[in-house]
Structure formats: structure tokens, C-alpha cells
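In: I would like the atomic coordinates for the input below:
(one chain, ligands or ions: 1)
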Amino acid sequence: MAVPCVRVSVEDGEATRRRLADDDLVDDAHEITGEAGDLYIPVTDADAVPDDLSVVDFDAPERRTQTNPADLLGYEPTYERLGDVVIVDEDDPERARDIADALVESDVRAETVVDRASKIKGETRVRDWDVLVGDSTEAVHREYGHEFAVDIAEVYFSPRLATERHRVVEQVSEGERAFDMFAGVGPYAVPMASAGAEVVATDINETAIEYLRENAARNGVADRITAVAGDVREVAEDYEGWADRVVMNLPHTASDFLDTAVELAGDDCVLHLYDIQHEDDPFGPAERAIRDAAEPEYDVTIETRREVRSYAPHELNVVVDARLTRR
Ligand SMILES: C[S@@+](CC[C@H](N)C(=O)[O-])C[C@H]1O[C@@H](n2cnc3c(N)ncnc32)[C@H](O)[C@@H]1O
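Out: Okay, here's the model as predicted:
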């Protein structure tokens with residue numbers, strides 16, 4: 001629908017808009033539109049426009065106002081995003097459905113909305129999902145300049161570990177040999193390869209390894225990553241004494257794999273061991289387990305103790321970086 005607009009040359013556009021705005025004459029309900037070298041600035045009152053400006057009727061599109069899910073719900077919903085997949089985490093299915101509807105109606109980009117339907121479970125650490133909107137649980141997630149394709153119904157992935165993964169990747173130097181024991185779709189392996197490492201990555205979930213290979217290619221590092229599907233305890237037999245760095249991101253259970261990590265370690269090797277422990281002694285169990293597995297063959301130096309995030313009331317997800325130096 002045509003509305004009254006001031007027509008000015010593009011060069012005079014901003015100065016004119018400011019003049020009109022100072023007099024409260026800019027019509028915010030319609031877009032300022034450019035056409036054939038002129039700008040059309042919608043105005044609220046054509047008669048009040050100063051005489052030196054020309055007012056014409058112009059078909060300026062209506063301006064879309066931003067709508068947030070909170071405007072529709074009356075409260076701020078909690079959700080996280082993995083590419084176009086939006087993840088909510090609600091115990092009450094009705095509340096989850098309300099949030100999903102509000103996400104779709106608002107200006108949030110949400111092709112798919114899913115709700116956590118179980119805890120992570122089993123060897124592959126995958127959880128069940130209720131798909132509330134859309135039909136695909138596959139997403140392309142961007143993290144520190146890398147792209148990761150992932151199907152969250154098939155493979156474990158958490159965007160919450162991005163900062164921690166980046167911390168590890170920043171320690172990687174050109175030419176080093178890094179072994180990722182529980183690699184998932186490659187959020188450690190791929191950036192470590194980008195940082196110049198030669199990487200071997202294993203996962204017991206074959207679908208994870210398929211995605212990892214796709215992600216290595218997507219990020220231009222396929223030639224520096226060897227991705228092997230299988231139990232790391234078996235795969236490690238081919239890489240004895242090979243690694244300068246070993247990533248052990250299987251909280252709860254990684255300590256059970258320390259003998260394998262020591263088998264992989266070269267003469268000087270950094271282990272990144274993730275664990276979940278009570279807040280009273282979050283690092284002690286991991287440190288003792290590393291010493292039990294590596295001493296006396298290696299000297300063990302604890303280089304970092306870090307809280308990654310809180311996991312449950314009084315329980316912390318932590319990481320210990322330990323340097324093993326052969327005696
Ligand atoms: C917590 S996920 C971590 C994935 C990845 N590091 C990340 O940050 O997204 C642990 C992974 O270890 C894999 N896994 C479990 N047991 C394994 C084993 N014995 N050998 C190799 N991979 C294993 C699971 O399939 C899962 O993908």
C-alpha cells in the first residue's frame with residue numbers, strides 16, 4: 001500500500017532521515033526503501049514535512065518487528081542451538097510444546113525443535129529425543145571457525161564443550177601426533193588437524209566415524225586425519241608409543257582406559273583426561289589414576305586442573321592435563 005514518503009537522493013538520505021527523525025516524522029512501521037538512485041523515507045505526517053523536501057506516495061513495505069519467544073510466552077525459555085536444530089530441555093511436555101510453538105512463531109530461526117527425552121546412555125552416549133518441530137535431527141554446527149555435521153539422534157555431541165575443546169586445540173603445535181580416543185564427529189580431531197597435527201581418531205560408533213570423515217573433508221583436513229571405527233583398546237595396538245597428545249573425552253569412564261593411553265604415549269606425551277567427580281575432590285581421582293597407570297615408567301606432571309562445567313548438584317565435569325615424560 002502506498003504511504004507518504006520523502007524522496008531524496010541516496011547521498012542526502014542519512015542527513016534527511018536525521019532531520020525528519022528530529023521532528024519525530026519518520027514512520028517506523030514501514031521500511032526506508034531505495035529505488036533508482038533515490039531513497040523513500042516513510043513519514044507519519046506529510047503536511048508537517050518541511051517545504052524544501054518533496055513528498056510522494058510510494059509503496060514502502062511494512063516493517064517486520066522482531067518477536068522474541070519470551071514476548072509470546074511471558075517468560076524467557078531456556079534452549080540451545082546446534083545449527084538449525086534448537087534443543088529445549090523440559091520435564092513438562094506441555095511446556096516443551098509451548099516453547100517449540102513460540103520458537104516457530106518468533107523470529108528465531110528454528111527448522112527443527114527437539115526436547116531431551118532421555119539421559120545420554122550406553123557406550124555411544126547418544127540420547128533419545130522428542131522431535132517437536134521438523135523431521136530431521138541432522139545439523140551443521142559451527143565452532144571456532146570449523147563446521148561439524150552431526151545427527152544428534154545417532155551420535156553424541158554437545159556444543160557446551162566448545163570453549164574447553166578450543167583450550168586444548170590451542171596447545172597443539174605443527175607436526176605433533178595427536179590421538180583422540182573417543183572422537184565423536186571430530187570436534188577435537190578436526191581443529192587439531194587444522195592446527196597442524198597428524199591425528200588418529202577412534203570411536204566405537206561407526207556413524208560418528210562416518211561424520212568425522214565428512215567433517216574432516218568439509219574443513220579441508222582429510223589428509224591429516226586417520227579415522228578408525230572400533231574399540232580404542234583394539235585400535236591402539238597399532239599405535240604403541242606413537243602419540244605426543246592423547247584426548248580422553250569419555251567422562252565417567254575415561255580413567256578405565258588409562259592403560260591404553262599409556263600404551264599410546266610416546267616419550268613425552270600430554271594426556272587430557274575428562275572426569276566427573278564430587279566437588280569435594282574433583283581432581284584427585286583422575287590424578288591418582290594417571291599416576292597408577294603411568295608410574296614408574298613415566299614421570300607425571302599435572303599441568304592443568306580445570307572445571308569444565310557443573311554436571312549435577314555437587315558434581316563437576318573436570319579435566320586434568322598431565323604430561324608423561326619417559327624416565
Ligand atoms: C562423550 S562422547 C565425546 C565425543 C567427542 N569427543 C565430543 O567432544 O563430542 C564419547 C564418545 O566415545 C565413544 N566411545 C565409547 N566407548 C568407546 C570405546 N571403547 N572406544 C572408542 N570409542 C568409544 C562413544 O561412541 C562417544 O562417541
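In: write out the residues of this protein neighbouring the ligand.
Out: Counting by Cβ under 6 Å from any ligand atom, the positions of the chain adjacent to the ligand are 123-125, 156-157, 161, 182-184, 187-188, 202-205, 208, 231-232, 249-250. From N, CA and C alone the C-beta is placed, and that goes for glycine too.
In: switch to 5 Å and redo it
Out: Counting by Cβ under 5 Å from any ligand atom, the residues of the chain close to the ligand are 123-125, 156-157, 182, 184, 187, 202-205, 208, 231-232, 249-250.
In: name the helix or strand for whichever residue of the stretch 1-150 of the chain sits closest to the ligand, please.
Out: Residue nearest to the ligand within the stretch 1-150 of the chain (Cβ to the nearest ligand atom): residue 124, separated by 3.9 Å. In the assignment (DSSP states H and E), residue 124 maps to no helix and no strand.
In: tell me how the protein divides into domains.
Out: Domain ranges of the chain: 3-58, 69-136, 159-326, per automatic domain parsing.
In: pLDDT of the shortest one, averaged?
Out: Per-residue confidence for domain 3-58 averages out to 93 on the pLDDT scale.
In: also stretch 193-209?
Out: Across stretch 193-209, pLDDT averages out at 98.
In: now that stretch - C-alpha only, PDB.
Out: Provided in PDB are the C-alpha atoms of stretch 193-209 (Å, rounded to 0.1, in the frame of the first residue of the first chain):
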ATOM      1  CA  ALA A 193      44.500 -31.300  12.400                       C
ATOM      2  CA  SER A 194      43.900 -27.700  11.300                       C
ATOM      3  CA  ALA A 195      46.400 -26.600  13.800                       C
ATOM      4  CA  GLY A 196      49.000 -28.800  12.000                       C
ATOM      5  CA  ALA A 197      48.800 -32.100  14.000                       C
ATOM      6  CA  GLU A 198      48.700 -35.500  12.400                       C
ATOM      7  CA  VAL A 199      45.600 -37.000  14.000                       C
ATOM      8  CA  VAL A 200      44.300 -40.500  14.700                       C
ATOM      9  CA  ALA A 201      40.700 -40.600  15.900                       C
ATOM     10  CA  THR A 202      38.700 -43.500  17.000                       C
ATOM     11  CA  ASP A 203      35.100 -44.100  18.000                       C
ATOM     12  CA  ILE A 204      33.100 -47.200  18.700                       C
ATOM     13  CA  ASN A 205      30.100 -45.600  16.900                       C
ATOM     14  CA  GLU A 206      30.500 -46.200  13.200                       C
ATOM     15  CA  THR A 207      28.100 -43.400  12.400                       C
ATOM     16  CA  ALA A 208      30.300 -41.000  14.400                       C
ATOM     17  CA  ILE A 209      33.300 -42.000  12.300                       C
END
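In: now name the helix or strand holding residue 233.
Out: helix 232-235.
In: and the very next helix or strand once past that helix, what does it pack onto?
Out: Remark: after helix 232-235, the chain's next helix or strand is strand 243-248, criterion DSSP H and E. With contacts defined as 3 or more Cβ pairs under 8 Å, 6 or more residues apart in numbering; DSSP states H and E, the secondary structure elements packing on strand 243-248 are strand 177-180, helix 258-264, strand 265-278.
In: settle this for me: residue 40 is touching residue 55, isn't it.
Out: No. Using Cβ atoms under 8 Å, residue 40 makes no contact with residue 55, being 10.2 Å away.
In: quick one, which of those two is more surrounded?
Out: residue 40 (23 against 17; other Cβ atoms under 10 Å).
In: show me where the stretch 51-200 of the chain has its strands.
Out: Applying DSSP state E, counting those that start in this stretch to the stretch 51-200 of the chain gives strands spanning 54-58, 79-82, 85-88, 112-116, 129-133, 138-143, 146-151, 177-180, 198-203.
In: dump those into a markdown table; add distance to residue 221 as well.
Out: Shown next, in a markdown table, are the strands of the stretch 51-200 of the chain (distance: least, Cβ to Cβ, whole Å):
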| stretch | distance to residue 221 |
| --- | --- |
| strand 54-58 | 52 |
| strand 79-82 | 21 |
| strand 85-88 | 24 |
| strand 112-116 | 28 |
| strand 129-133 | 29 |
| strand 138-143 | 14 |
| strand 146-151 | 9 |
| strand 177-180 | 12 |
| strand 198-203 | 8 |
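In: follow-up on the earlier one: any of the residues of the chain next to the ligand buried? List them.
Out: Buried members of these, scored by 16 or more other Cβ atoms under 10 Å, are 124-125, 156-157, 182, 184, 187, 202-205, 208, 232, 249-250.
In: what is the nearest of the residues you listed to residue 262?
Out: Nearest to residue 262 among those, counting by Cβ to Cβ, is residue 232 at 12.8 Å.
In: contact partners for that closest one?
Out: Shown in contact with residue 232 (Cβ atoms under 8 Å, 6 or more residues apart in numbering): 181-182, 202, 204, 257, 260.
In: residue 98 too?
Out: Going by Cβ under 8 Å, 6+ apart, residue 98 touches residue 73.
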